[in-house]
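Peer 1: Please work out how this folds:
(2 chains)
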There are 2 protein chains.
Amino acid sequence: MLPEEHSDRLRVVLVATRNPLNIGAAARAMSNFGFRRLRVVQPWEASFREAKSAVGASELLREAELFDSLDDAIADCSLVVGTAGLGPRQVEVPVRRLDDGAGLIREHVQHTPAAILFGSEKRGLSNDDIDRCHWLMHIPTRPAHESMNLGQAVAVTLYELAREATAPPVVPERKPASGEELERLTAMLLDLLATSGYTKPHTEEATAEKTRRMMRRLNPISKDAETLTGMLAKIRYKAERD
Amino acid sequence: MLPEEHSDRLRVVLVATRNPLNIGAAARAMSNFGFRRLRVVQPWEASFREAKSAVGASELLREAELFDSLDDAIADCSLVVGTAGLGPRQVEVPVRRLDDGAGLIREHVQHTPAAILFGSEKRGLSNDDIDRCHWLMHIPTRPAHESMNLGQAVAVTLYELAREATAPPVVPERKPASGEELERLTAMLLDLLATSGYTKPHTEEATAEKTRRMMRRLNPISKDAETLTGMLAKIRYKAERD
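Peer 2: Numbering: from 1, shown residues only, chains lettered A, B, ... in the order given. So this is what the prediction gives:
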């Protein structure tokens, strides 16, 4: 188990889950491995809080936070990790194997909140969800049968996270930008790109996607995100006055 | 994944399972992690072979072997490992943590068959079952909530068994920006800051220094430095024409 102050910094985020039993199963696995912060984004059934599968974890499930958008669910998280198969989809986000990624997440939650996202049973995370991820994590399954049951994937992931009993040495770290700070910076840049004519109407969506991914790769610390937002705001202010 | 000749020496044995959906879930996890030999001892429902939860593993489930007694199910196995919580029950069989035990099982199946037993959902393995085990294996869960869902316990166990032998992580390699590319990007930004009035004459040097340091912290990959330079160039071009 991780120390409670660390495990409480991890948010398990279930996005567009269809079967409420899987939400309950995720809650049970969280409780088994000592995690408590469950966030649910646009579930298919509002009644998930009564899922019988949350054996021993009904309180955790009752306290789950419900969100209308993924952006709101990750607003306070400075690391967002998506779970995904290696599948046919080519993504530009780096993919780490679960055991490698788990180490990075354990380090991160020593200081600041992080989110792990699990997509819907049928389709996993959408490209739009993945654009919000700093990187993806992959459970090494058999290529011919990659797709895991959602509750089982959550259990395996949290087992790996909690497995290393001893916490690594605490290295003071710079505070990375939160999801909200990143989104503010991205929005400011996109706005400038639109007014400058960099973005054409038919490329608007692709540019937004590209820019969001790039921001996750750049992964600025909080202070730099703020500086950059300020710089761009000034540039835009000048452009508007001219 | 283990080599097939090794993984085929492992029998996953479900004893007195109540819910056929859990048998299906176990089959799915086996298929995910490359194991094929499922044995079912006295299940509560004979119809388990149709369990819908065996997504992608229906053939494995159809080929599962059904036994009337545990003794028959483990007759060809020279190592029998039970899974159990640490619970209140005092057992005289040695208990190993999953990650320690998994190594021993991997070694064993290089040469001879082994069985891992999972008990019923409510009660786990009986004392009578445990008497047939060489040792027990324990998934390190939170003592206040030890009891895992059966399908999740199977998934975590098989993940740990298959984990070591998997291919190295897949992180697409990233070429970091060269000094020249960074300098081009920095110069473009500084130029925009000057024309927008962000930089005052007496702060020019300090801003340049601050911006250079920030660029090193951001440490963009080559492709992103190029994209950003292009974006800023377009913004500057527009600002000049206005």
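Peer 1: and A:T199, backbone torsions?
Peer 2: phi -90, psi 130 (degrees, to the nearest 10).
Peer 1: and it, how far is that from chain B?
Peer 2: From A:T199 across to chain B, the span is 9 Å (CB to the nearest CB, to the nearest Å). For glycine as for every other residue, the C-beta is placed from the backbone atoms N, C-alpha and C.
Peer 1: show me what contacts that residue?
Peer 2: A:L190, A:L193, A:T207 (CB atoms under 8 Å, 6 or more residues apart in numbering or on different chains).
Peer 1: Provide the secondary structure category for the last one.
Peer 2: Three-state assignment for A:T207 (DSSP: H, G, I helix; E, B strand; the rest coil): helix.
Peer 1: quick one: it and A:S196 touch, right?
Peer 2: No. With contact defined as CB atoms under 8 Å, A:T207 does not reach A:S196; the gap is 11.6 Å.
Peer 1: Flag every buried residue along whichever helix in chain A runs longest.
Peer 2: Secondary structure assigned by DSSP state H gives helix A:222-241 as the longest helix of chain A. Taking 16 or more other CB atoms under 10 Å in any protein chain shown as the neighbour-count basis, helix A:222-241 is seen to contain the buried residues A:222, A:224-225, A:227-229, A:231-236, A:238-239.
Peer 1: Switch the residues you listed over to CSV; also include distance to chain B.
Peer 2: CSV is the format used below for these (distance: CB to the nearest CB, whole Å):
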residue, distance to chain B
A:S222, 11
A:D224, 5
A:A225, 10
A:T227, 6
A:L228, 8
A:T229, 12
A:M231, 6
A:L232, 9
A:A233, 9
A:K234, 4
A:I235, 4
A:R236, 8
A:K238, 4
A:A239, 6
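Peer 1: Which one of those residues is nearest to A:N32?
Peer 2: A:S222 (33.4 Å; CB to CB).
Peer 1: Contacts only, for that closest one.
Peer 2: A:S222 touches A:S78, A:R174, A:K175, A:P176, A:A177, A:S178, A:E181, counting by CB under 8 Å, 6+ apart.
Peer 1: Sort those by pLDDT and name the bottom one.
Peer 2: Minimum pLDDT for the contacts of A:S222 is recorded at A:R174 (70).
Peer 1: Contacts only, for the residue nearest to A:L21 when sequence neighbours are not counted.
Peer 2: In space, and not counting its chain neighbours, A:L21 is closest to A:S53: 4.5 Å by CB to CB, 6 or more residues apart in numbering or on different chains. Going by CB under 8 Å, 6+ apart, A:S53 touches A:L21, A:N22, A:G24, A:A25, A:R28, A:G151, B:N149.
Peer 1: got the CA coordinates for the host helix or strand of the fifth one in PDB?
Peer 2: Pointing back at A:R28 there. Assigned by DSSP states H and E, A:R28 belongs to helix A:20-32. The C-alpha trace of helix A:20-32 is given here as PDB (Å, rounded to 0.1, in the frame of the first residue of the first chain):
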ATOM      1  CA  PRO A  20     -22.600   0.300 -13.600                       C
ATOM      2  CA  LEU A  21     -21.400  -3.100 -12.300                       C
ATOM      3  CA  ASN A  22     -18.000  -2.200 -13.700                       C
ATOM      4  CA  ILE A  23     -18.000   1.100 -11.700                       C
ATOM      5  CA  GLY A  24     -18.800  -1.000  -8.600                       C
ATOM      6  CA  ALA A  25     -16.100  -3.400  -9.500                       C
ATOM      7  CA  ALA A  26     -13.600  -0.600  -9.900                       C
ATOM      8  CA  ALA A  27     -14.600   0.800  -6.500                       C
ATOM      9  CA  ARG A  28     -14.000  -2.600  -4.900                       C
ATOM     10  CA  ALA A  29     -10.600  -2.900  -6.400                       C
ATOM     11  CA  MET A  30      -9.800   0.700  -5.300                       C
ATOM     12  CA  SER A  31     -10.700  -0.200  -1.700                       C
ATOM     13  CA  ASN A  32      -8.700  -3.500  -1.900                       C
END
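Peer 1: State the mean pLDDT of it.
Peer 2: Across helix A:20-32, the per-residue pLDDT values average to 98.
Peer 1: Show me how the record splits chain A into domains.
Peer 2: A:4-163, A:179-241 (automatic domain parsing).
Peer 1: As JSON lines, these with distance to B:L161 would be great.
Peer 2: Formatted as JSON lines, those follow (distance: least, CB to CB, whole Å):
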{"stretch": "domain A:4-163", "distance to B:L161": "12"}
{"stretch": "domain A:179-241", "distance to B:L161": "34"}
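Peer 1: deepest of those domains, which one?
Peer 2: Compared across the domains of chain A, domain A:4-163 shows the largest average neighbour count, a mean of 20 (mean count of other CB atoms under 10 Å in any protein chain shown).
Peer 1: Show me where chain A dips below the pLDDT cut-off.
Peer 2: Residues of chain A meeting the criterion pLDDT under 70: A:87-91, A:165-173, A:242.
Peer 1: just the helices in it please.
Peer 2: Using DSSP H, the helices found in chain A span residues A:4-7, A:20-32, A:58-62, A:70-73, A:98-108, A:127-130, A:150-163, A:179-196, A:204-218, A:222-241.
Peer 1: Contacts only, for the most centrally placed residue in chain A.
Peer 2: Note on chain A: the residue nearest the mean C-alpha position is A:V80, at 3.2 Å, using CA atoms, centre = their mean. By CB under 8 Å, 6+ apart, the contact list for A:V80 reads A:I74, A:A114, A:A115, A:L117, A:R132, A:C133, A:H134, A:G179, A:R216.
Peer 1: re earlier: give the other helices and strands that the helix holding A:R28 contacts.
Peer 2: strand A:10-15, strand A:37-41, helix A:58-62, helix A:150-163, helix B:150-163 (3 or more CB pairs under 8 Å, 6 or more residues apart in numbering or on different chains; DSSP states H and E).
Peer 1: and the first one, is it in reach of chain B?
Peer 2: No. Counting by CB under 8 Å from any CB of the partner chain, no contacts exist between strand A:10-15 and chain B, the nearest distance being 14.0 Å.
Peer 1: That strand: partners in the sheet, and parallel or antiparallel?
Peer 2: Strand A:10-15 has the following strand partners under DSSP bridges: strand A:37-41 (parallel), strand A:114-118 (parallel).
Peer 1: thinking again about what came up before, same list (the contacts of A:T199) but as a markdown table, adding distance to B:A64.
Peer 2: Shown next, in a markdown table, are the contacts of A:T199 (distance: CB to CB, whole Å):
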| residue | distance to B:A64 |
| --- | --- |
| A:L190 | 54 |
| A:L193 | 57 |
| A:T207 | 52 |
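Peer 1: Noted, bye for now.
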